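# Next one to model:
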Amino acid sequence: MPLLKLAVLLAAVASAAALVAQALRAQGYGPRRRFAPPAGKAGDGVRYAFTGALSPRAKESAREHPLAWAAGMVFHGGVFTGLLTLALALVGPQLPSLVAVPLGLVCGLGGLCGMGLLAKRLLQPELRALSRLDDWISNLLATTLPLLALGWLASPRLEAAFFSGALALLVYAPFGKLRHAVFFFLSRRHLGAFFGRRGTFPVRHA
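Just a heads-up that it's a prediction; the model follows:
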């Protein structure tokens, strides 16, 4: 096995283990005892938190910035498709065009949207003032991954560049804001269960 591929595999295992440990530590305080009787169902709240609560209709920031919301959705889709492409690259040879073309399309669109969002962060004074080094590093690594995946899908000669970019992302993931790839799901579940039990999730729109 080439040394770079082995390094990516080891980084993936180490990154996953670190993220799982952080998630377990975050939940290590145990469940809170609820004294008030439930006004709704926690399960209904969790389902709503991952569906209706994510729609532009339910989120004020998305309603006011629909293009940024759509770009963010495509960007995240491209990142996860890039990770899927990485997994396929680690276990097998170059993919057939029937698989490579749709993967490359999603990766390319995701990378372009990531570049657009990164440019927006740079050009808008308000976003630039809120950004810290971690924001730039996380955004650059996440934007680069689907673009490098697209390059590998187009030409296997770019495998070293693809694996190098993936290695950098995997090593950095447990230390910066890329951790939200795991904590997003944990926090949404906690949010949905809490407000579902209180009877305020799902929201009843008039």
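# for the protein, what helix or strand is lowest in average pLDDT?
Every helix and strand in the chain was compared by mean pLDDT, DSSP states H and E; the lowest is helix 60-64, with a mean of 75.
# And the residue most central in space within the chain, which helix or strand is it part of?
For the chain, residue 181 is the residue whose C-alpha lies nearest the centre (Cα atoms, centre = their mean; 4.2 Å). Assigned by DSSP states H and E, residue 181 falls within helix 180-198.
# Going by neighbour count, list what's buried in that helix.
Neighbour counts using 16 or more other Cβ atoms under 10 Å place 182, 188, 191-197 of helix 180-198 among the buried residues. To be clear about C-beta, it is placed using only N, CA and C from the backbone, and glycine gets the same treatment.
# the strands in the protein, which residues?
Assigned by DSSP state E, the strands in the chain number zero.
# What's the local residue count around residue 51?
12 (other Cβ atoms under 10 Å).
# quick one: contacts for residue 122?
Neighbouring residues of residue 122 by Cβ atoms under 8 Å, 6 or more residues apart in numbering: residue 128.
# so how many other residues sit close to residue 16?
As a burial measure, residue 16 scores 14 neighbours (other Cβ under 10 Å).
# Please apply the same query to the one 3 residues further on.
Applying other Cβ under 10 Å, we find 17 other residues in the vicinity of residue 19.
# ok, back up a step: distance between the helix holding residue 181 and the chain's centre?
What separates the centre of helix 180-198 from the centre of its chain is 15 Å, taken as Cα atoms, centre = their mean, to the nearest Å.
# and what of stretch 164-181?
11 Å.
# got the contact list for that stretch?
Applying Cβ under 8 Å, 6+ apart, the contact partners of stretch 164-181 are 4, 7-8, 11-12, 14-15, 18-19, 22, 82, 86, 134-135, 137-138, 141-142, 144-145, 148.
# and with 7 Å instead?
4, 7-8, 11-12, 15, 18-19, 22, 86, 134-135, 137-138, 141-142, 144-145, 148 (Cβ atoms under 7 Å, 6 or more residues apart in numbering).
# what distance separates the start and the end of that stretch?
20 Å (Cα to Cα, to the nearest Å).
# quick one: low-confidence ranges for the chain?
1, 30, 205-206 (pLDDT under 70).
# where do the helices sit along it?
3-26, 42-49, 60-64, 66-91, 97-123, 125-130, 133-154, 159-172, 180-198 (DSSP state H).
# re earlier: filter the contacts of stretch 164-181 down to just the buried residues.
7-8, 11-12, 15, 19, 86, 135, 137-138, 141-142, 144-145, 148.
# In these, find the pair that's most separated.
7 and 135 (26.2 Å; Cβ to Cβ).
# Report the buried residues of stretch 83-94.
83, 85-86, 88-89.
# Please apply the same query to stretch 42-60.
Quick answer for stretch 42-60 (16+ other Cβ under 10 Å): 42, 44-49, 53.
# Sweet, I'm off.
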